[in-house]
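this one's structure only:
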C-alpha cells in the first residue's frame with residue numbers, strides 16, 4: 001500500500017518570518033511574480049512543503065533545500081525534491097488554495113483548480129473528442145464542474161511524469177463523468193494505465209482537485225488542513 005498525504009493551506013502573507021524559508025533561487029522566483037497573490041501562493045507552497053519535509057526528515061524546516069531543476073532547461077522551476085531523501089513532492093495552487101502532495105519514493109502529481117467558466121475553445125483544446133461528447137451530455141449547471149474534474153485529473157497525471165505540459169492534454173483519455181477516476185488511454189509512453197493511480201480530492205467548495213501516482217500498487221490518500 002502506497003501512502004500519499006495531501007495538505008491544504010490558504011495563502012500566507014509576505015511576512016519576514018515566512019520569507020526566511022526561501023533560499024536565494026526561491027527569492028528570485030518570488031520577486032519575479034508581479035501580482036501580490038502569486039507571490040503569496042508561491043511563498044506558501046515553499047513554507048508548507050519545507051515544514052512537512054522537515055517533520056518527515058527530523059530537520060529544521062528552514063534548513064531544507066529543494067532541487068527543482070527542470071529536466072528541459074536546467075532552471076529551478078521543476079517539481080521540488082529533497083536531495084538525499086526519497087520524498088516526492090508536488091505543489092499546486094489556485095485561488096485561495098495551496099496544496100501539497102507527499103509520498104515516499106513514488107512519483108506524484110497534484111493539481112487544484114478554482115472552477116470558472118470553461119469556453120468551447122478551452123474544452124476542445126483540453127479534451128479528446130469522446131470527452132467533449134461526454135461533457136455535452138451533462139446538465140448545463142454541471143458543465144464547469146465536470147470540465148475541471150477532467151482538467152485536474154489530466155494535470156495531475158502530467159505532473160506525476162515530470163513532463164508537465166510537454167504532454168498535451170488531448171493525448172490523455174480519462175474515464176467519463178460519474179465513473180471512478182482512471183486513465184483509459186494515452187498516446188504518450190510516459191503514461192501507462194496499468195502503472196497509474198488517480199484519485200479525486202476535496203479541496204473545498206468551488207474547487208476541483210486530483211492526485212496521480214505512478215505505481216502498480218494500491219494507494220491510500222489522506223487530506224489534512226495546514227496548519228493543523
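Cool, the structure landed. Keep in mind that this is a model prediction, so the values were computed, not measured.

right, and residue 88 touches residue 104 too?
Yes. Counting by C-beta atoms under 8 Å, residue 88 touches residue 104, with 7.3 Å between them. For every residue, glycine as well, the C-beta is placed using N, CA and C.

Could you list the low-pLDDT ranges of the chain?
In the predicted model of the chain, residues 72, 76-77 satisfy pLDDT under 70.

Got the phi and psi for residue 220?
phi -120, psi 120 (degrees, to the nearest 10).

ok, it - how many residues close by?
11 (other C-beta atoms under 10 Å).

Okay, helices next: where are they in this structure?
Ranges of helices in the chain, per DSSP state H, are 16-19, 24-32, 36-57, 120-126, 129-136, 143-161.

wait, which of the ones you listed is closest to residue 180?
The minimum distance between residue 180 and those falls on helix 143-161, with 11.1 Å, by C-beta to C-beta.

So which bits of that closest one are buried?
146-161 (16 or more other C-beta atoms under 10 Å).

before we move on, what about stretch 162-173?
162, 163, 164, 167, 169, 170, 172, 173.

before we move on, what about stretch 67-74?
residue 68.

Residues contacting it, please?
Contacts with stretch 67-74, where a contact means C-beta atoms under 8 Å, 6 or more residues apart in numbering, come from 25, 75, 76, 77, 78, 79, 80, 81, 82, 83, 162, 166.

Spit out the contact partners of the fifth one.
The one in question is residue 78. 68, 69, 70, 71, 162.

With distance to residue 207 as added columns, please give these in JSON lines.
Output for the contacts of residue 78, formatted as JSON lines (distance: C-beta to C-beta, whole Å):
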{"residue": "68", "distance to residue 207": "25"}
{"residue": "69", "distance to residue 207": "30"}
{"residue": "70", "distance to residue 207": "27"}
{"residue": "71", "distance to residue 207": "29"}
{"residue": "162", "distance to residue 207": "24"}
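
What is the nearest of those to residue 30?
Of the contacts of residue 78, the one sitting nearest to residue 30 (C-beta to C-beta) turns out to be residue 68, at 13.0 Å.

Quick test: name the residue nearest the centre of the chain.
residue 110 (2.2 Å; C-alpha atoms, centre = their mean).

so that residue touches residue 88, yeah?
No. With contact defined as C-beta under 8 Å, residue 110 does not reach residue 88; the gap is 10.7 Å.

check contacts around residue 65.
Contacts were defined as C-beta under 8 Å, 6+ apart; by that measure residue 65 touches 23, 82, 83.

ok, and the most crowded of those?
Counting by other C-beta under 10 Å, top hit in these: residue 82 with 20 neighbours.

for it, what are its contacts?
53, 57, 64, 65, 66, 67, 89.

got these as a markdown table, with distance to residue 227 columns?
As requested, these are arranged in a markdown table below (distance: C-beta to C-beta, whole Å):
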| residue | distance to residue 227 |
| --- | --- |
| 53 | 15 |
| 57 | 19 |
| 64 | 17 |
| 65 | 23 |
| 66 | 21 |
| 67 | 26 |
| 89 | 18 |
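
re earlier: now tabulate the contacts of residue 65 in TSV and tack on distance to residue 207.
As requested, these are exported to TSV (distance: C-beta to C-beta, whole Å):
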residue	distance to residue 207
23	30
82	27
83	32
